[in-house]
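>>> I'd like to go over a predicted model; first the sequence, then the structure.
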Amino acid sequence: MEDRRQHSRHSTELQLEVFDLHSGQRLGRVVDLSADGFMLFSDVPHRPEAVLECRLVSEQVIEGVCEIKLGADCLWSRRGADGQHSWAGFHIIDLAEDQAAALEVLLKHL
């Protein structure tokens, strides 16, 4: 499979959770993160091509950053080996300038 990433991914020791911006529903936990996207481990499968408006929330405040609001497009989704969880890859498609700066702060600490 061809890797089309423009930025390297960083696995994270930080507890980063993703929540739907409107409903507040927990969507999953970030496994790795880049300036372009993230991989999510979730209790529910995500539909490829679904577009989410979400909040990426850090359990720990880092240089004043604890939350990033963004729009993301689900590129792929796979069931986990246990059949109860899923993995999904998301491409960040909407990120305001201040949110991009906050993402860079998080990426520096991964």
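That came in fine, so what should we check first?
>>> List the neighbouring strands of the longest strand along the chain plus their orientation.
Longest strand of the chain, by residue count under DSSP state E: strand 65-79. Here strand 65-79 is paired, per DSSP bridges, with strand 51-62 (antiparallel), strand 86-94 (antiparallel).
>>> Please identify the most buried of those strands.
Of these, the one with the most neighbours on average (mean count of other C-beta atoms under 10 Å) is strand 86-94, at a mean of 19. C-beta here means a position set from N, CA and C on the backbone, and glycine is covered the same way.
>>> State the mean pLDDT of that one.
For strand 86-94, mean pLDDT is 97.
>>> distance between it and the chain's centre?
6 Å (C-alpha atoms, centre = their mean, to the nearest Å).
>>> ditto for stretch 48-64
The mean C-alpha position of stretch 48-64 is separated from the chain mean by 6 Å, C-alpha atoms, centre = their mean.
>>> cool, and stretch 71-83?
11 Å.
>>> for stretch 53-70, same thing?
Put simply, stretch 53-70 sits 11 Å off its chain's centre (C-alpha atoms, centre = their mean).
>>> Start and end of that stretch, how far apart?
Stretch 53-70 has an end-to-end distance of 6 Å (criterion: C-alpha to C-alpha, to the nearest Å).
>>> Quick one: the strands paired with strand 65-79 as a markdown table, columns for distance to residue 18 too.
Shown next, in a markdown table, are the strands paired with strand 65-79 (distance: least, C-beta to C-beta, whole Å):
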| stretch | distance to residue 18 |
| --- | --- |
| strand 51-62 | 5 |
| strand 86-94 | 9 |
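>>> now residue 25: how far from residue 19?
7 Å (C-beta to C-beta, to the nearest Å).
>>> what residue is smack in the middle of the chain?
residue 38 (4.1 Å; C-alpha atoms, centre = their mean).
>>> pLDDT at that one, what is it?
At residue 38, pLDDT is 96.
>>> In a strand, it, correct?
Yes. Counting by DSSP: H, G, I helix; E, B strand; the rest coil, residue 38 is part of a strand.
>>> Correct me if wrong: it contacts residue 95.
No. Counting by C-beta atoms under 8 Å, residue 38 stays clear of residue 95, with 11.8 Å between them.
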